[in-house]
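In: Sequence and predicted structure below; questions after.
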Amino acid sequence: MVRPAFAGLVVVCASALSVACDVSSRDPREDEIVATLARADESLIRTRPRLAEGKLARMAGSPYDFFRGSVPLYAHDSRAGTRAFSSRFGVTVPLVPSLGDPHPENFGVLRASDGSLGFEPNDFDAADRGPYLWDVRRLSAGLALAGMVANPDDPSARAATTAARREVALAGVLAYREGVTARARGEELGRYVDFSSPILADLASRADRDAGRSRELVDLTTLEGGARKLRRGGVDPEDPQSVHGDLPEVALAALPDCLERARRTLVAPPPSEFFRVLDAVREYGSGVASFARVRALVLVRGPSDDPNDDVIVEVKELVDSGLAGQYPPYVYADGVGRRIVETSRLAWARPDAEPLWGTSTWLGLTVQMRRETEGQKGVRVERMIGARGTKDALVALAKATGTVLARVHTQGPEGVANARALYRAMSVDLDGFVNELADFGDTYA
């Protein structure tokens, strides 16, 4: 029996999702989706209804945005034990360092403390410990879906990548299998820096271009009388939901202590003066799964008093991962902040892959701090056009993400032992493993 209050939440969720579909024609699967998402976001819908509605509207805007916000549905489908989730290769031991949501847009180029670029995971909101197939399936489905939504304005090119979606997913799973196999032999996978393929080359070239001119300061700040201020109001003409507003005084006053605690979690912390707060704004309309979370952009002093080397950091609310509580022993880190720090340091090929990535608390919320910079770029399906939207370009991206995921799962002191356990599970039928996971990605997408 559905509680009356919860039934109302389902109505809110359904009305938001109806942006993209005619609710009068919903089939049982659509009702299952609505109920699952409403249940997952019940606390948000009760306490932040407008933001929760904005998140659901963002999800309803495109198939890929829906996928980005659908980890609760993925978890529901996984627990339901549908035929698509059955496997000859499933094991829950060992539980590996899981990214939780390793779809293509959660990878990108990060700039390490020495200025060099590497291709790395760049979102750990859903990271935890979990079975290896959780991540491999999610990546396979994300790769297949990227093939289906690439080239939105070129019907013939889109038809070609849609037809190749299973091949794209297959390339990612094959790269994962080869990476695990190499680690089982004791080899190191290392930092991924091959930027020769079109999508990765585009990331690296734009990151270098925009880092050199501090593009984020140009776009997000104004300089008056020798001092910078963050812009207010609409900041992205192409995204009217992206808005910056003033922070309450109590929130602004709590930022220095918040940033100092975050500073202490960094691999090589800069001096405290680096994080002297110059200005801050509340950020609305960013992300998809994290759309309804509290975010702020904070302008800090940076390495000197010169306003041209001011730095912007994002402070974002963190919550439990989508994997939390599903597999014993259920809790693997001493708090949400520790989970993010430990997983990111283990997942990256070098622990300072993003040197300002840390965690803290702010007004009772667990938060993540990271640098807001155009000198780091994430994969975006909207840029999969032209040379970046060919089957070969998507296959190259799939190989990169599959290789990095294999490295993530097999890093650390237990990495080789984990790799050997995973290889034993796959070696029942190595080709069958790749085909099963590619079929899953194709079907689920």
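Out: Okay, I see it.
In: ok, then the element right after whichever strand or helix holds R424?
Out: Taking DSSP states H and E as the definition, R424 sits inside helix 415-426. Read in the C-terminal direction, the helix or strand following helix 415-426 is helix 430-444, with elements assigned using DSSP H and E.
In: Which secondary structure elements does that following helix sit against?
Out: Packing contacts for helix 430-444, counted by 3 or more CB pairs under 8 Å, 6 or more residues apart in numbering; DSSP states H and E, involve helix 132-149, helix 165-184. (C-beta placed from N, C-alpha, C; glycine too.)
In: and the helix holding R424 with helix 132-149, angle?
Out: Following axes from the mean of the first three to the mean of the last three CA atoms, to 10 degrees, one obtains 70 degrees for the angle between helix 415-426 and helix 132-149.
In: Pull out the buried residues from helix 415-426.
Out: Residues of helix 415-426 classed as buried: 415-416, 418-423, 425-426 (neighbour count, 16 or more other CB atoms under 10 Å).
In: now stretch 346-355
Out: Within stretch 346-355, the residues that qualify as buried by neighbour count (16+ other CB under 10 Å) are 347-355.
In: Just put the residues you listed in CSV and tack on pLDDT and secondary structure.
Out: Supplementary listing: the buried residues of stretch 346-355 in CSV, determined by pLDDT from 0 to 100; DSSP: H, G, I helix; E, B strand; the rest coil:
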residue, pLDDT, secondary structure
A347, 94, helix
W348, 97, coil
A349, 96, coil
R350, 95, coil
P351, 93, coil
D352, 95, coil
A353, 96, coil
E354, 97, coil
P355, 97, coil
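In: Looking at those residues, spot the one nearest V281.
Out: Sorting those by how near they are to V281, with CB to CB, puts E354 at the top with 21.6 Å.
In: ok, residues contacting the helix holding R424?
Out: 89-91, 93-94, 96, 132, 177, 180-181, 183-184, 186, 409-410, 433 (CB atoms under 8 Å, 6 or more residues apart in numbering).
In: what do you get if the cut-off is 7 Å, keeping everything else the same?
Out: 89, 91, 94, 96, 132, 177, 180-181, 183-184, 186, 409-410, 433 (CB atoms under 7 Å, 6 or more residues apart in numbering).
In: swap in stretch 101-113?
Out: Under the criterion CB under 7 Å, 6+ apart, residues 67-68, 71, 99, 117-123, 126, 135, 138-139, 142-143, 146, 203-204, 207, 211, 268, 322, 350, 352-355, 375-381, 397, 401, 404-405 lie in contact with stretch 101-113.
In: S290 and K316, how far apart?
Out: Taking CB to CB, to the nearest Å as the measure, S290 falls 7 Å from K316.
In: now the helix holding R424: how far from the chain's centre is it?
Out: From the chain centre to the centre of helix 415-426 is a distance of 25 Å (CA atoms, centre = their mean, to the nearest Å).
In: Ok, stretch 229-239 next?
Out: For stretch 229-239, the gap between its own C-alpha mean and the chain's C-alpha mean amounts to 23 Å (CA atoms, centre = their mean).
In: cool, and stretch 297-304?
Out: 25 Å.
In: now the helices: where do they sit in the stretch 101-250 of the chain?
Out: 132-149, 155-163, 165-184, 198-212, 215-220, 249-263 (DSSP state H, counting those that start in this stretch).
In: What's the mean pLDDT across the helix holding R424?
Out: Per-residue pLDDT values over helix 415-426 give a mean of 96.
In: Also stretch 35-53?
Out: Per-residue scores along stretch 35-53 average to 94.
In: List the buried residues for it?
Out: By neighbour count, and taking 16+ other CB under 10 Å as the criterion, the buried residues in stretch 35-53 are 35-38, 40-42, 44-45, 48, 51-53.
In: In JSON lines, list those residues along with secondary structure.
Out: Formatted as JSON lines, the entries for the buried residues of stretch 35-53 read as follows, by DSSP: H, G, I helix; E, B strand; the rest coil:
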{"residue": "A35", "secondary structure": "helix"}
{"residue": "T36", "secondary structure": "helix"}
{"residue": "L37", "secondary structure": "helix"}
{"residue": "A38", "secondary structure": "helix"}
{"residue": "A40", "secondary structure": "helix"}
{"residue": "D41", "secondary structure": "coil"}
{"residue": "E42", "secondary structure": "helix"}
{"residue": "L44", "secondary structure": "helix"}
{"residue": "I45", "secondary structure": "helix"}
{"residue": "R48", "secondary structure": "coil"}
{"residue": "L51", "secondary structure": "helix"}
{"residue": "A52", "secondary structure": "helix"}
{"residue": "E53", "secondary structure": "helix"}
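In: out of those, who's nearest D257?
Out: Comparing every one of those with D257 (CB to CB), the shortest separation belongs to R48, at 24.5 Å.
In: Kindly export the strand or helix carrying V395 (C-alpha atoms) in PDB.
Out: Following DSSP H and E, one finds V395 within helix 391-409. Extracted in PDB, the C-alpha atoms of helix 391-409 (Å, rounded to 0.1, in the frame of the first residue of the first chain):
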ATOM      1  CA  LYS A 391      32.700   5.000 -35.000                       C
ATOM      2  CA  ASP A 392      36.500   4.900 -34.800                       C
ATOM      3  CA  ALA A 393      36.600   7.900 -32.400                       C
ATOM      4  CA  LEU A 394      34.000   6.300 -30.100                       C
ATOM      5  CA  VAL A 395      35.900   3.000 -30.200                       C
ATOM      6  CA  ALA A 396      39.100   4.800 -29.200                       C
ATOM      7  CA  LEU A 397      37.200   6.500 -26.300                       C
ATOM      8  CA  ALA A 398      35.900   3.100 -25.200                       C
ATOM      9  CA  LYS A 399      39.400   1.600 -25.100                       C
ATOM     10  CA  ALA A 400      40.600   4.500 -23.000                       C
ATOM     11  CA  THR A 401      37.800   4.300 -20.500                       C
ATOM     12  CA  GLY A 402      37.900   0.500 -20.300                       C
ATOM     13  CA  THR A 403      41.700   0.600 -19.700                       C
ATOM     14  CA  VAL A 404      41.300   3.300 -16.900                       C
ATOM     15  CA  LEU A 405      38.500   1.300 -15.300                       C
ATOM     16  CA  ALA A 406      40.700  -1.800 -15.200                       C
ATOM     17  CA  ARG A 407      43.400   0.200 -13.500                       C
ATOM     18  CA  VAL A 408      41.000   1.600 -10.900                       C
ATOM     19  CA  HIS A 409      39.700  -1.900 -10.000                       C
END
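In: how about that helix: buried residues?
Out: By neighbour count on 16+ other CB under 10 Å, the buried set for helix 391-409 is 391, 393-409.
In: Please name every helix or strand in contact with that helix.
Out: Contact analysis of helix 391-409 by 3 or more CB pairs under 7 Å, 6 or more residues apart in numbering; DSSP states H and E lists strand 96-98, strand 117-121, helix 132-149, helix 155-163, helix 165-184, helix 198-212 as its packing neighbours.
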